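S.K.: The sequence and its predicted three-dimensional model are supplied below.
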Amino acid sequence: MNAMKRMKGMREKDLTKGSIFKTLFILATPIILAMSLHTAFNIIDTFFIGMLGSEHLAAISVTFPVVFIFIAIASGLAIGSTALVSQAIGARKKKEANKIAAHSITIALLSGLIVAVAGFLFSPALFSFMGVTGNILAMTIEYANLIFIGFIFLFIGFIAQGIIQADGDTVTPMINMVISIVANIILDPILIFGFGPIPAMGLTGAALATVIGRSIGAFLNIYHLFAGKTSLHMGIESFRLDPSIFKKIFIIGLPSSISNSINSVGMIFIMSLIGGFGTSAIAAFGVGLRLDSVAILPIIGLSHAVIPFIGQNLGAGKIKRAQKSVKYSSYASIALMALLSLVWFFLPEYLIMPFSSDAEVLRIGAMYLKVMSLGFVFMGLNLTLGSAMQAAGRTGLQLLVNAGRWVFIIGIALSLVGTFQLEGIAAGIPLGNLAGAVLAFAFIKSGMWLKGWESTEKN
């Protein structure tokens, strides 16, 4: 009860005051809890689909990087909105914050519609490029087409969630996400395997459950924004077209979207290499990717907390406070990822076993997790330091870091696949994470990420 009271106290909080470490911890905790449940659902979803067979598991595995391209776009726009709204709130410019929030929601709706159509039109070509053929290709397209419809709700939900977090409230988005995920978890087995008059729909049922869950979450976030439950008040005047605000959102959000999309494009390329090694390899790497999403949960929570925290403090002219938050969050990231890397390295078989009894999937999956664990610390630093750049509006630097990271990943994978095969492909990822972390640290240490903010320093 006391913990919940502390969390509720974070609603509409002024993040420019109080203990840096404590504030970041309380901000991050609800996000970590919500993301943990979300990842738990993804694992449960993978478990249910795995019961349908290895081909079904392979189908969702190849879908993941393609779908993540569009999630990346939504996430990037949400980052732009969160950064700008939090900066305006920190500077006590509430009217500007209202306008940015309203224009962000408009962008979310339009972008979601465009992405849904694009997914329908171009996903078959992408899946074919990844080496997917025959029955698996048909199942993949069947699953993906429904998921693309859900992107209309995902975009709106992401943007609304980011706006609420920019106001210093990470509790409400957590509650709304929990509700949507619980609905998803309940619907998943019912729609996949059937229940009473509801027929078994297999992969289609899994996709439909996801779309319904996302629509619930989007509605709850939008309702919270327009019900007067935040410090923002978006009237009709806030939605009046202002090209300068659209420009600001895209200047910050577009590089983040491109950066996140690079992750997806890069993973599609990696999956295309893996596709040549057969269904078991695709399934094993797919399960590994989902397990990796568990490992980075604490850092995702931390990075989502860093953006509104730094944004509000930069807006208020408290540069040193923002700098200290980067240091504290980096230390926390290193400690958490070092601990998790030990689990992934020494217990990989036990992590893979719940998802497949196929001996080849277990062998390849265990290899993948061991190799990935070697770069966990660097992956965490990439996320944490990248969030600091995004919060300061220096998303171009974060894009450069991520692009460089993927140049190393793909280059190493291509150079080693001929000799070491799947092990060579996997090795490129931790080495690329190392290169990205070094570059990100250089940008932070040099102060380049604070360009334009130095003159706003206040006591």
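M.R.: Nice, thanks for sending it over. Residues are numbered from 1 along each chain as shown.

S.K.: OK, contacts around the residue nearest to G452 when sequence neighbours are not counted?
M.R.: Nearest-residue entry for G452: G393, 7.7 Å, with adjacent residues in sequence omitted and distances by Cβ to Cβ, 6 or more residues apart in numbering. C-beta here means a position set from N, CA and C on the backbone, and glycine is covered the same way. By Cβ atoms under 8 Å, 6 or more residues apart in numbering, the contact set of G393 is A83, L84, Q87, I251, I252, G452.

S.K.: Point out where this structure drops to low pLDDT.
M.R.: Applying pLDDT under 70 to the predicted model, the residue ranges of the chain that meet it are 1-13, 38-43, 65, 454-459.

S.K.: okay, which residue is most central for it?
M.R.: Nearest to the geometric centre of the chain sits S75, at 6.5 Å (Cα atoms, centre = their mean).

S.K.: so how far is Q161 from that residue?
M.R.: As judged by Cβ to Cβ, to the nearest Å, S75 and Q161 stand 10 Å apart.

S.K.: same deal with T46?
M.R.: Using Cβ to Cβ, one obtains 24 Å as the distance from T46 to Q161.

S.K.: So between the two, which is more surrounded?
M.R.: Using other Cβ atoms under 10 Å as the criterion, T46 and Q161 rank with Q161 on top: 29 against 23.

S.K.: was I right about that one contacting L77?
M.R.: No: using Cβ atoms under 8 Å, Q161 makes no contact with L77, being 11.6 Å away.

S.K.: And the helices in the stretch 151-300 of the chain?
M.R.: Remark: helices assigned in the stretch 151-300 of the chain by DSSP state H, counting those that start in this stretch are 151-166, 171-193, 202-226, 243-275, 279-295, 297-315.

S.K.: Could you say which of those helices is packed most deeply?
M.R.: Comparing the helices of the stretch 151-300 of the chain on average neighbours per residue, with mean count of other Cβ atoms under 10 Å, the densest one is helix 151-166 at a mean of 28.

S.K.: Next, the angle helix 297-315 makes with that one.
M.R.: Following axes from the mean of the first three to the mean of the last three Cα atoms, to 10 degrees, one obtains 60 degrees for the angle between helix 151-166 and helix 297-315.

S.K.: Does anything pack onto helix 151-166? Which helices or strands?
M.R.: Here helix 151-166 touches helix 54-90, helix 94-129, helix 171-193, helix 202-226, helix 297-315, going by 3 or more Cβ pairs under 8 Å, 6 or more residues apart in numbering; DSSP states H and E.

S.K.: Adding distance to G411, write the ones you listed out as JSON lines.
M.R.: What follows is those, written out as JSON lines (distance: least, Cβ to Cβ, whole Å):
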{"stretch": "helix 54-90", "distance to G411": "19"}
{"stretch": "helix 94-129", "distance to G411": "20"}
{"stretch": "helix 171-193", "distance to G411": "37"}
{"stretch": "helix 202-226", "distance to G411": "34"}
{"stretch": "helix 297-315", "distance to G411": "25"}
